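>>> Test case, fold it:
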Amino acid sequence: MRLVLFLLLVLLLSGCGASSVIQKIDYMSGDFTGCAVGAYVNGVANLPGFQTLIGKNLAVVLSYVHWQDPFPSAEADIVAANDSIPLITWEPWITNEAGNLNAISTGYYESYVREFIQAAKDWGKPLFLRFAHEMNGNWYPWDGLHNGQDPGKYKQAWIYIYSVREELAADNVYLVWSPNNANMPEADWNVLSAYYPGDQYVDWIGMDGYNWGYADWGSFESVFGDVYQTLAALTDKPLMIGEFASAEQGGSKAGWITDALAKIKAEYPRVKIFCWFNIDKERDWRVTSSATAETSFNQALQDGYFLDKIR
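Next comes the predicted model:
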């Protein structure tokens, strides 16, 4: 009798463990209520200070890796120790006579791709991998304009990356397909759907957009409204804002931030993660660009809808 009870207890505990694993996978697939807070903080050394500034732990930490650089395991360890998920943007800054995307899809960089994804698998914790983002723009060597105005080449490169992930069984790696909010150039061949490889090859959908300020000042809705509707119609995959921020000049950045986070909560239910681009670059995108912007960001994040952990 004691043996039977013991075996029943073992089975019960095993079942609970399996349920926890399933829940974790579901969470990484966007099955949670609310929107997880993320940011690019320009280096993991800035992570503690940024979190203190905004009064919230980051659920997601955005970073960038140059093609042919190794998987950033040390930085990923710091992010994981912070109880956050890495969102690694993998940028193929390469020049090849076969063409940027053709070289990738035909396996010219096979050994590097396999080493990178194997290292991501060996790291062993969940992570997002955002390969060759903003492909519908005109500023990257992997975009459609620089690859013969043929979005099909992008799809082939994406499917190649997916196939390597599948072959290596890197199940902890979630692939994020992340276009720009606007098609540039505006041309018949340059539309989002032409770059989409299909639901079977994608885990998450991202979208990037900025309020550039000055004469190009635009509300959150004007930046993301159209692309959100386009992507929501294209796929049922969970959505994230991979990059966004506002300039100061041309309007009220503090008001823009308040409106943006209110809109995300009330009108963008498919957005499960956002990442603020916190750096002084083309504009001063930082939340500290003014005291009013900093206050607005901090106050808006105290709403329980905005999550400090994917859970």
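
>>> Not counting the helix or strand harbouring R165 itself, show me its contacts.
Using DSSP states H and E, R165 sits within helix 151-167. Helix 151-167 has contacts (Cβ atoms under 8 Å, 6 or more residues apart in numbering) with 99, 101-102, 104-105, 107, 113-114, 117, 131-132, 135-136, 142-144, 147, 173, 175, 177, 189-191, 194-197, 201-202. Heads up, the C-betas are built off the backbone N, CA and C, glycines and all.

>>> export that helix as CSV, just CAs?
Below are the C-alpha coordinates for helix 151-167, written out as CSV (Å, rounded to 0.1, in the frame of the first residue of the first chain):
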residue,chain,number,x,y,z
PRO,A,151,11.3,40.0,-51.7
GLY,A,152,11.4,36.3,-52.6
LYS,A,153,15.1,36.3,-51.9
TYR,A,154,14.5,37.4,-48.3
LYS,A,155,12.0,34.6,-47.8
GLN,A,156,14.5,32.1,-49.1
ALA,A,157,17.2,33.4,-46.6
TRP,A,158,14.7,33.3,-43.8
ILE,A,159,13.6,29.7,-44.5
TYR,A,160,17.2,28.7,-44.6
ILE,A,161,17.8,30.1,-41.1
TYR,A,162,14.6,28.4,-39.9
SER,A,163,15.7,25.1,-41.5
VAL,A,164,19.0,25.2,-39.6
ARG,A,165,17.2,25.9,-36.3
GLU,A,166,14.9,22.9,-36.9
GLU,A,167,17.8,20.6,-37.9
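
>>> Flag every buried residue along stretch 86-94.
Across stretch 86-94, burial judged by 16 or more other Cβ atoms under 10 Å covers 86-92, 94.

>>> quick one on the thing from earlier: and the contacts of helix 151-167, which of them are in helices?
Among the contacts of helix 151-167, the members falling in helices (DSSP state H) are 101-102, 104-105, 113-114, 117, 194-195.

>>> Of the residues you listed, which pair is most distant in space?
Within these, R114 and A194 form the most distant pair, 28.1 Å apart (Cβ to Cβ).

>>> host element of the residue minimising distance to the centre of the chain?
Compute the mean C-alpha point of the chain, and by Cα atoms, centre = their mean the closest residue is G242, 4.1 Å away. Under the criterion of DSSP H and E, G242 resides in strand 239-246.

>>> Tell me which residues of that strand come out buried.
239-246.

>>> And for stretch 66-81?
67, 71-72, 75-76, 78-80.

>>> start to end distance for it?
End-to-end span of stretch 66-81 (Cα to Cα, to the nearest Å): 23 Å.

>>> What are the contacting residues of that stretch?
In contact with stretch 66-81 (Cβ under 8 Å, 6+ apart) are residues 44, 47, 61, 63, 65, 85-86, 88, 90-94, 109, 112, 115-116, 119-120, 123, 125, 127.
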